[in-house]
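A.B. asks: Sequence unavailable; structure follows:
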């Protein structure tokens, strides 16, 4: 496939950086909101036709260079036997792991719970526009671990999970191992069904001290990413808020690393293995501003960086916020695609 996103992630020179946004499938899109008025989140995920429509919507409505699979990171705990319900307030597990004396014993693998995702991928590839790649993904291990212990959708501290991890490192490791096993199988199946790139979303990478995260979660994350790369699928690792810990992500871990808005791209480029590309890191909150302010920041910070760095995918420092003006999201994408990047 001839595509600027794939060319960039494979290390080829391009006239501009590719652009896609995390959480682009839905949220700010009027067409997505129209579907949400008719169907629940679960219905959108479970029906191949609807899931394909939502996945491809940003290509048609925003003009991004790649689509990302419309799904949720918590389908992996579902494949480990946990009962999950998506409510209007957010995802809720029927029995979070902290309610058990031995939570690791509650995890019983059933990979058939993920079959609908592969059917969705097949439908997306069947109906997508020519030349538009599909990014697969799964949740980072710490992030997924945290949600499995949460019993309050408003809890963003994940007290149950972090308390358990510090109290019982041995059982925590068993849970991490179980997550890793399912995540590898899940990622490999996505590759088998045809995703052209794969991202590991570690939204809460900064929840633990850097050293502890690198000790407990980086080795298993590397296993997931390397399993996919052995299938010939390039990888992106996004450990949000890991700070200077991203310097541990070398070419042996991933092809690209996502940068959040708390770190400048310039600093990230100075500490990350030069063989590893960067993705990010526009603060999504900038898109609340007027377009003149947005353009000034793009010209000041991102144009010079993109001129000098071929190994870079333009993206946000996290996902699209649900109340961002859709016209500003489109404005940024159009700017990326139309400005003269001055690349030689």
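C.D. replies: Thanks, I have the structure now. Since we're looking at a predicted model, the values are computed, not measured.

A.B. asks: Okay, strands next: where are they in the stretch 1-150 of the chain?
C.D. replies: 67-68, 84-87, 90-93, 134-139 (DSSP state E, counting those that start in this stretch).

A.B. asks: ditto for the stretch 201-344 of the chain
C.D. replies: 235-239, 256-259, 277-280, 312-313.

A.B. asks: Can you check which of those gets nearest to residue 11?
C.D. replies: Residue 11 lies closest to strand 277-280 among these, at 7.7 Å (C-beta to C-beta). (C-beta placed from N, C-alpha, C; glycine too.)

A.B. asks: Summarise which helices and strands that closest one is packed against.
C.D. replies: Under the contact definition 3 or more C-beta pairs under 8 Å, 6 or more residues apart in numbering; DSSP states H and E, strand 277-280 sits against strand 256-259, helix 265-271, strand 312-313.

A.B. asks: got these as a markdown table, with mean neighbour count and mean pLDDT columns?
C.D. replies: Formatted as a markdown table, these follow (neighbours: other C-beta atoms under 10 Å; pLDDT from 0 to 100):
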| stretch | mean neighbour count | mean pLDDT |
| --- | --- | --- |
| strand 256-259 | 26 | 98 |
| helix 265-271 | 16 | 98 |
| strand 312-313 | 22 | 98 |
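
A.B. asks: quick revisit: residue 6: which of the strands of the stretch 201-344 of the chain is closest?
C.D. replies: strand 312-313 (10.8 Å).

A.B. asks: Pull up the pairing partners for the closest one, direction included.
C.D. replies: strand 277-280 (parallel) (DSSP bridges).

A.B. asks: average pLDDT for the strand it pairs with?
C.D. replies: Taken as a whole, strand 277-280 has a mean pLDDT of 98.

A.B. asks: what does stretch 215-235 give?
C.D. replies: 98.

A.B. asks: Buried residues of that stretch, list them for me.
C.D. replies: Across stretch 215-235, burial judged by 16 or more other C-beta atoms under 10 Å covers 216-218, 220-222, 224-225, 227-229, 233-235.

A.B. asks: same thing with stretch 183-195?
C.D. replies: Going by 16+ other C-beta under 10 Å, stretch 183-195 has these buried residues: 183-191, 193-195.

A.B. asks: Can I get those residues in CSV including distance to residue 172?
C.D. replies: CSV is the format used below for the buried residues of stretch 183-195 (distance: C-beta to C-beta, whole Å):
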residue, distance to residue 172
183, 16
184, 19
185, 21
186, 21
187, 22
188, 25
189, 26
190, 26
191, 28
193, 31
194, 34
195, 30
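
A.B. asks: Let me know the closest of the residues you listed to residue 280.
C.D. replies: residue 195 (20.5 Å).

A.B. asks: For residue 87, which non-adjacent residue is spatially closest?
C.D. replies: Closest residue in space to residue 87, ignoring its immediate chain neighbours: residue 153 at 7.3 Å, by C-beta to C-beta, 6 or more residues apart in numbering.

A.B. asks: For the one you found, which three-state class applies?
C.D. replies: At residue 153, secondary structure determined by DSSP: H, G, I helix; E, B strand; the rest coil is coil.

A.B. asks: Could you count how many residues lie near it?
C.D. replies: 13 (other C-beta atoms under 10 Å).
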